[in-house]
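S.K.: sequence plus the predicted model coming up.
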Amino acid sequence: MTRKIKIFDTTLRDGEQCPGASLNPEEKLEIARQLAKLNVDAIEAGFAIASPGDFESVKQIARQIKGPIICSLARAKKEDILRAWEAVKHSDRPRIHVFLATSPVHMEKKLRMTPDEVFKTAVEMVKYAKSLCPDIEFSPEDAGRSDHDFLYKVIGGVIDAGASTINVPDTVGYTTPWEFGQLIENIIKNVPQVKKNDVTISVHCHNDLGLATANSLAAVKAGASQVECTINGIGERAGNASLEEVVMALHTRHDFFGANTEINTTEIYKASRMVSNLTGLLVQPNKAVVGANAFAHEAGIHQAGVLRARETYEIMKPEDIGLTKNRLVLGKHSGRHAFADKLKDMGYTLTEENLEKAFEKFKDLADRKKEIGDRDLETIVSEEVYVVPETYTIDSIETSSGTNKKPVATVKLIHKGKPIEITESGVGQVDSVYRAIEKLTKVKPQLVDYIIQAITGGTDAQGEVTVRIKDGDKIYVGHGASMDVIMASAKAFLAAINRLLYDRASSIAKGGLD
Ligand code: KIV
Ligand code: ZN
């Protein structure tokens, strides 16, 4: 019989904890909607006590997203648990996830608590959480480096106190698949409450040694029935187990695992693109399942094989993850209807206003570019769907440079309906444009990342620029696409600045709370 493996997605909590991946509340909601389409079993929407912004995001997701369990993380402290409850109680299926470290190094050096104190606190706090919420998950943090007998004692204690899911984290990605699988088997064997209370054993693996997916799968084989993971494997340090890898491994190797998830795999690619777009964390081309090369066959011998029989070199179908071939779909004669239908086909539902703006951009691109593929359309849409209100827009950009000539840029922006213009020079054309934009917007952020890549092949390919800028401890992402790379660079930088200004304005409106 096929065992069901629950997928607990923590992209919006552990994933968002990764350096530089800060998302605003609208973006978190957008991702949560996509996670619901994926049909994940649970969404860890955030860490409610971390900031008023986090609290508000968890609350909005709990209010608006129907289907999955909505969960907030909480330390084993009353104030955390209460805050988590205040946020998730708006869901039809709320969960509080309480954690407390059980490894010697964490207890001694971080918590400064004795094992007895940790045991007592874990039990008391789970009891408290249970008095508020019917569904409690408990994680003994750094379980991978904890003493096994102590771990069994804590797990038994918190189950007696009301926890119905026990999540076993390999917090620092230290274990190997053999050890981690054995640990799960031992927990199930040595904690009688697990079977007696029909408790879900969950796993949460970090990728420090590149073993997060392997460890999660070893745990499934050993009896775990929930896997915690993130889209594209984003997360603290080297990240978490990646949802697409775990899900597609179970799907593809059903013969071996005898287990499956209820994930709608055809939504995987879109989820991956969305998370990458919104966080600015690009997916490496050779990334399993969702990387640009995951289904590309370069070697002639491979191509010939695939043409004769797909399964010679492909173990999954691109369609299974929702990947459409980058074929020519629309041209300059395509009308609004065809455009809207195609976007709908690709899974995008735009408001009338965004559709209109996207269509204008499509027409503009179609005038200059002969072949427009799905990736071009995706870029157009992501510029429209995920933007915040624009404080500044680009009117025109003129640059000049050459051998023995100082690069100069004249940038004209529109602000509150009026044009503003300046000429600046820098070490290159992009630098000159960025200096001009900084002067005009009076924002001088630190440029953390500037990445340029071609969308599709050919010399008429659009260039897509992704920038990440830093203001204080906050990171903002901007994307820009154009056939002119200077324009794409300007669009990306200004998009990030507009996000920064929007965030500053919303913080002031909320009383500077976040
Ligand atoms: O990695 C970890 O231990 C965690 C816990 C809070 C579950 O993220
Ligand atoms: Zn973690």
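M.R.: Received, thanks. Residues are numbered from 1 along each chain as shown. Ligands and ions are numbered 1, 2, ... in the order given.

S.K.: could you point out the longest helix of the protein?
M.R.: Ranked by residue count, the top helix of the chain under DSSP state H comes out as helix 485-509.

S.K.: what is that one packed up against?
M.R.: Counting contacts by 3 or more CB pairs under 8 Å, 6 or more residues apart in numbering; DSSP states H and E, helix 485-509 is packed against strand 392-402, helix 429-441, strand 446-455, strand 462-471, strand 474-482. Where C-beta positions appear, they are placed from N, C-alpha and C, glycine not excepted.

S.K.: recalculate using a threshold of 6 Å.
M.R.: Counting contacts by 3 or more CB pairs under 6 Å, 6 or more residues apart in numbering; DSSP states H and E, helix 485-509 is packed against strand 392-402, helix 429-441, strand 462-471, strand 474-482.

S.K.: so which of the ones you listed is nearest ligand 1?
M.R.: Ligand 1 lies closest, by CB to the nearest ligand atom, to one member of those: strand 474-482, at 20.3 Å.

S.K.: mind listing what that closest one pairs with, with the direction of each?
M.R.: strand 462-471 (antiparallel) (DSSP bridges).

S.K.: still on that earlier bit, using TSV, lay out the helices and strands packed on helix 485-509 together with mean pLDDT, mean neighbour count and distance to H254.
M.R.: Below are the helices and strands packed on helix 485-509 laid out as TSV (pLDDT from 0 to 100; neighbours: other CB atoms under 10 Å; distance: least, CB to CB, whole Å):
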stretch	mean pLDDT	mean neighbour count	distance to H254
strand 392-402	93	15	51
helix 429-441	97	21	49
strand 462-471	89	22	37
strand 474-482	88	23	37
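
S.K.: name the residue most distant from the centre of the protein?
M.R.: N404 (44.8 Å; CA atoms, centre = their mean).

S.K.: ends of stretch 221-233, how far apart?
M.R.: End-to-end distance of stretch 221-233 (CA to CA, to the nearest Å): 21 Å.

S.K.: average pLDDT for that stretch?
M.R.: When pLDDT is averaged along stretch 221-233, the result is 98.

S.K.: show me how far it is from its chain's centre.
M.R.: 16 Å (CA atoms, centre = their mean, to the nearest Å).

S.K.: residues of it that come out buried?
M.R.: Of all the residues in stretch 221-233, those buried under the rule 16 or more other CB atoms under 10 Å are 221-222, 224-233.

S.K.: by contact count, what packs against the helix or strand that contains D341?
M.R.: Element membership for D341 (DSSP states H and E) is helix 336-345. Packed against helix 336-345, as judged by 3+ CB pairs under 6 Å, 6+ apart, are the following elements: helix 352-368.

S.K.: contacts for the helix it packs on?
M.R.: 332, 336, 339, 372, 380-381, 384, 483 (CB atoms under 6 Å, 6 or more residues apart in numbering).

S.K.: hey, C-alpha coordinates of it in CSV?
M.R.: What follows is helix 352-368, C-alpha atoms only, in CSV (Å, rounded to 0.1, in the frame of the first residue of the first chain):
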residue,chain,number,x,y,z
GLU,A,352,-7.5,44.0,-16.0
GLU,A,353,-5.0,46.8,-15.3
ASN,A,354,-2.0,44.6,-15.1
LEU,A,355,-3.1,42.6,-18.1
GLU,A,356,-3.3,45.9,-20.1
LYS,A,357,0.2,47.0,-19.0
ALA,A,358,1.6,43.5,-19.7
PHE,A,359,0.0,43.6,-23.2
GLU,A,360,1.6,46.9,-24.0
LYS,A,361,5.0,45.5,-23.1
PHE,A,362,4.3,42.4,-25.2
LYS,A,363,3.4,44.6,-28.2
ASP,A,364,6.5,46.7,-27.7
LEU,A,365,8.7,43.6,-27.5
ALA,A,366,7.0,41.9,-30.4
ASP,A,367,7.8,44.9,-32.6
ARG,A,368,11.5,44.4,-32.0
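
S.K.: what pLDDT, on average, does that helix get?
M.R.: Rounded mean pLDDT across helix 352-368 is 86.

S.K.: starting at the chain centroid, how far to it?
M.R.: With CA atoms, centre = their mean, you get 27 Å for helix 352-368.

S.K.: list the buried residues for it?
M.R.: Buried residues in helix 352-368 (16+ other CB under 10 Å): 354-355, 357-359, 361-362, 365-366.

S.K.: repeat for stretch 149-166
M.R.: 150-159, 161-166.

S.K.: next: stretch 204-219.
M.R.: Going by 16+ other CB under 10 Å, stretch 204-219 has these buried residues: 204-208, 211-219.

S.K.: then stretch 96-110?
M.R.: Quick answer for stretch 96-110 (16+ other CB under 10 Å): 96-103, 106-107.

S.K.: CA-only coordinates of it in PDB, if you can.
M.R.: Taking C-alpha atoms only, stretch 96-110 is exported to PDB below (Å, rounded to 0.1, in the frame of the first residue of the first chain):
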ATOM      1  CA  ILE A  96       1.700  26.200  16.500                       C
ATOM      2  CA  HIS A  97       5.200  24.900  16.000                       C
ATOM      3  CA  VAL A  98       7.200  25.000  19.300                       C
ATOM      4  CA  PHE A  99      10.900  24.300  19.300                       C
ATOM      5  CA  LEU A 100      13.600  23.900  22.000                       C
ATOM      6  CA  ALA A 101      17.100  22.700  21.500                       C
ATOM      7  CA  THR A 102      18.100  19.300  23.000                       C
ATOM      8  CA  SER A 103      21.800  18.900  21.900                       C
ATOM      9  CA  PRO A 104      24.500  19.300  24.600                       C
ATOM     10  CA  VAL A 105      26.100  22.200  22.800                       C
ATOM     11  CA  HIS A 106      22.900  24.100  22.300                       C
ATOM     12  CA  MET A 107      21.600  23.500  25.900                       C
ATOM     13  CA  GLU A 108      24.900  24.400  27.500                       C
ATOM     14  CA  LYS A 109      26.200  27.300  25.300                       C
ATOM     15  CA  LYS A 110      23.000  28.800  23.800                       C
END
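
S.K.: so in this protein, where's the weakest helix or strand by average pLDDT?
M.R.: Within the chain, no helix or strand scores below helix 300-308, which has a mean of 70 by mean pLDDT, DSSP states H and E.
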